[in-house]
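> Sharing a sequence plus its predicted fold:
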Amino acid sequence: MPIRLPRFIHWVIRASCHLLQDRFIAWTLPPHPALVRGLTADLARGKTELVAENALLRQQLIVLQRQVKRPSLRRLDRLLLVLLASRAPTWKHTLVLVQPETLLRWHRQGFRLFWKAKSARRSATPRIPEETRTVIKTMAAENHLWGAERIRGELLKLGIQVSKRTIQKYMRHARPPQGTGQTWSTFLHNHAHQIWTCDFLQVTDLCFRSLFAYFMIELGSRKVVHVRVARHPTDEWIAQQVREATPIEVRPRYLIRDNDSKYGDHVARVAATSRFVVLRTPYHAPRANAIGERFLGSVRREYLDHILVLHERHLQRVLQEYVDYFNQARPHQGINQAIPAAAEMRADPCQRSRTIVSKQVLGGLHHDYRLAA
């Protein structure tokens with residue numbers, strides 16, 4: 001014991017000297033430059049600014065204390081950070097939890113929400129009658145292939161004028177949202193009623209055999225003037241169809257066709273005899289026959305894609321049924337939502353109070369809406 005005591009005292013004295021030395025060095029060293037600059041700047045700042053900055057820092061510490069790993073910011077936390085940052089001029093240097101860009105994004109979101117609430121319509125009463133809204137929802141529910149513009153055409157036929165935007169608004173309540181141009185525009189507008197177009201539509205039947213449907217359309221009224229089906233169309237067969245579709249009193253001045261090899265000398269002789277000019281579209285230019293291509297697409301989308309074609313006579317029958325509906329009941333965008341065979345059938349807007357009658361066409365795939373007598 002007499003030997004160990006002096007060693008212990010020596011160790012205590014030595015440790016105390018080292019501690020005093022470290023404290024003296026820490027006291028005598030100059031402070032960090034950033035700390036000096038910060039303290040100097042704080043001396044010139046007002047009390048309100050310092051309080052706002054301290055509150056901003058304290059709010060971030062509260063969030064940090066709530067969760068150790070990743071801080072979770074609530075809506076109230078974001079709102080408080082934005083409000084406190086607006087009171088602290090040096091808020092960018094005070095932020096610890098988030099980036100300044102994030103705070104600015106929160107402010108922009110709040111700005112949008114503020115003006116959305118401020119510009120919202122105060123009255124909850126719809127601007128169109130309940131009857132019209134019911135008709136729009138019924139058409140959207142019964143005709144899944146129709147878009148807003150198609151429904152607007154049916155409403156115009158019934159004498160109801162509603163914008164496309166309004167129809168889209170009420171269509172969303174009836175079904176989930178689903179997700180042209182033309183060349184020769186001046187020429188077609190000036191001579192549309194004197195121009196016909198013709199084209200082939202290839203269809204595959206139930207036994208995977210090819211069938212060809214031949215259509216002739218008047219561009220002015222969009223009326224389909226002729227439709228025939230053949231399994232192996234030839235030049236003589238096409239000439240006979242052109243001859244049947246162009247009697248003496250009904251004939252075009254121009255007939256637009258593509259460069260299909262099926263057209264030959266017989267078609268040219270029929271055109272010369274009937275005194276109309278055949279116009280051939282350029283190669284790889286479907287827009288040169290935009291109306292004909294649009295009609296073929298409508299036939300597929302609205303009818304043929306939803307049925308099975310059994311044979312040649314079946315295709316002729318279903319296409320004739322579609323052409324009757326196309327000419328007599330279907331409004332068209334290209335002619336201001338009129339009907340090709342009876343543009344005068346559009347109802348008077350003053351007749352809105354009359355009963356609307358719905359009739360199934362094309363096996364219930366589409367509906368024809370009329371005013372009851």
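Cool, the structure landed.

> Which residue ranges make up each domain of the protein?
1-30, 34-117, 130-174, 189-341 (automatic domain parsing).

> Now mean pLDDT and mean neighbour count too, for the ones you listed, in TSV please.
The C-beta positions use only the backbone N, C-alpha and C, and glycine is treated the same way. Converted to TSV, those look like this (pLDDT from 0 to 100; neighbours: other CB atoms under 10 Å):
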stretch	mean pLDDT	mean neighbour count
domain 1-30	61	9
domain 34-117	78	13
domain 130-174	86	17
domain 189-341	88	17
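
> okay if I get the ones you listed as a markdown table plus distance to residue 371?
Listed next are the domains of the chain as a markdown table, based on distance: least, CB to CB, whole Å:
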| stretch | distance to residue 371 |
| --- | --- |
| domain 1-30 | 94 |
| domain 34-117 | 40 |
| domain 130-174 | 6 |
| domain 189-341 | 13 |
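
> closest to residue 372 out of those domains?
When the domains of the chain are compared by CB to CB, domain 130-174 sits nearest residue 372, at 10.8 Å.

> Would you mind putting the CA coordinates of stretch 292-299 into PDB?
C-alpha atoms of stretch 292-299 as PDB (Å, rounded to 0.1, in the frame of the first residue of the first chain):
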ATOM      1  CA  GLY A 292     -63.300   7.300 -98.000                       C
ATOM      2  CA  GLU A 293     -60.600   6.100 -95.500                       C
ATOM      3  CA  ARG A 294     -62.600   7.600 -92.600                       C
ATOM      4  CA  PHE A 295     -65.700   5.700 -93.700                       C
ATOM      5  CA  LEU A 296     -63.900   2.400 -93.900                       C
ATOM      6  CA  GLY A 297     -62.500   3.000 -90.400                       C
ATOM      7  CA  SER A 298     -66.000   3.800 -89.100                       C
ATOM      8  CA  VAL A 299     -67.300   0.600 -90.600                       C
END
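
> Name the residues that touch it?
With contacts defined as CB atoms under 8 Å, 6 or more residues apart in numbering, stretch 292-299 is touched by 180, 197-199, 201, 215, 217, 222, 224, 256, 286-287, 319, 322, 326.

> Select from those every entry located in helices.
Using DSSP state H, 319, 322, 326 are the members of the contacts of stretch 292-299 that sit in helices.

> which one of the residues you listed is nearest residue 82?
Of these, the one sitting nearest to residue 82 (CB to CB) turns out to be residue 326, at 59.0 Å.

> Can you tell me the element residue 133 falls in?
helix 130-142 (DSSP states H and E).

> Revised request: answer the last question for residue 226.
Short version, using DSSP H and E: residue 226 is in strand 223-230.

> just residue 50 next, same as before
Per DSSP H and E: helix 47-66 holds residue 50.

> So which other helices or strands are in contact with that helix?
Where contact means 3 or more CB pairs under 8 Å, 6 or more residues apart in numbering; DSSP states H and E, helix 47-66 is packed against helix 75-87, helix 91-94.

> possible to save those as JSON lines with distance to residue 128?
JSON lines is the format used below for those (distance: least, CB to CB, whole Å):
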{"stretch": "helix 75-87", "distance to residue 128": "36"}
{"stretch": "helix 91-94", "distance to residue 128": "49"}
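
> Residue 264: which of those helices is closest?
helix 75-87 (75.3 Å).

> what does that closest one rub up against?
Counting by CB under 8 Å, 6+ apart, 48-49, 52, 55-56, 59-60, 63, 73, 91, 94-95, 98, 103, 106-107, 110 sit against helix 75-87.

> quick one, phi/psi of residue 107?
Per-residue torsions, residue 107: phi -70, psi -40 (degrees, to the nearest 10).

> which residues does it contact?
Contacts of residue 107 (CB under 8 Å, 6+ apart): residue 82.

> And it, how far from residue 167?
Here residue 107 is placed at a distance of 37 Å from residue 167 (CB to CB, to the nearest Å).

> now the helices for the stretch 101-250 of the chain?
In the stretch 101-250 of the chain, the helices defined using DSSP state H, counting those that start in this stretch lie at 130-142, 148-157, 164-174, 185-191, 235-245.

> among those helices, which is nearest residue 13?
Of all those, it is helix 164-174 that lies closest to residue 13, at 86.6 Å by CB to CB.

> Show me what the closest one packs onto, helices and strands only.
Against helix 164-174 (3+ CB pairs under 8 Å, 6+ apart) you get helix 130-142, helix 148-157.

> centre of the chain versus it, how much separation?
With CA atoms, centre = their mean, to the nearest Å as the basis, helix 164-174 stands 13 Å off its chain's centre.

> ok, what's across the strand from the closest residue to residue 233 other than its chain neighbours?
Nearest non-adjacent residue to residue 233, counting by CB to CB, 6 or more residues apart in numbering: residue 212, 5.1 Å away. Beta-bridge pairing for residue 212 (DSSP bridges): residue 202, residue 230.

> Might you report the residue contacts of residue 212?
200, 201, 202, 203, 229, 230, 231, 233.

> so which pair among these is furthest apart in space?
201 and 231 (13.5 Å).

> ok, now which ones touch the nearest residue to residue 156 once chain neighbours are set aside?
The shortest distance from residue 156 to any non-neighbouring residue, by CB to CB, 6+ apart, is to residue 337 (4.8 Å). Counting by CB under 8 Å, 6+ apart, residue 337 makes contact with 152, 153, 156, 157, 331.

> pretty sure the third one contacts residue 331?
Pointing back at residue 156 there. Yes - counting by CB atoms under 8 Å, residue 156 touches residue 331, with 6.7 Å between them.

> any idea how far residue 44 lies from residue 131?
Taking CB to CB, one finds residue 44 at 72 Å from residue 131.

> likewise residue 88?
With CB to CB as the criterion, residue 88 and residue 131 are 58 Å apart.

> What of residue 51?
62 Å.

> swap in residue 305?
33 Å.
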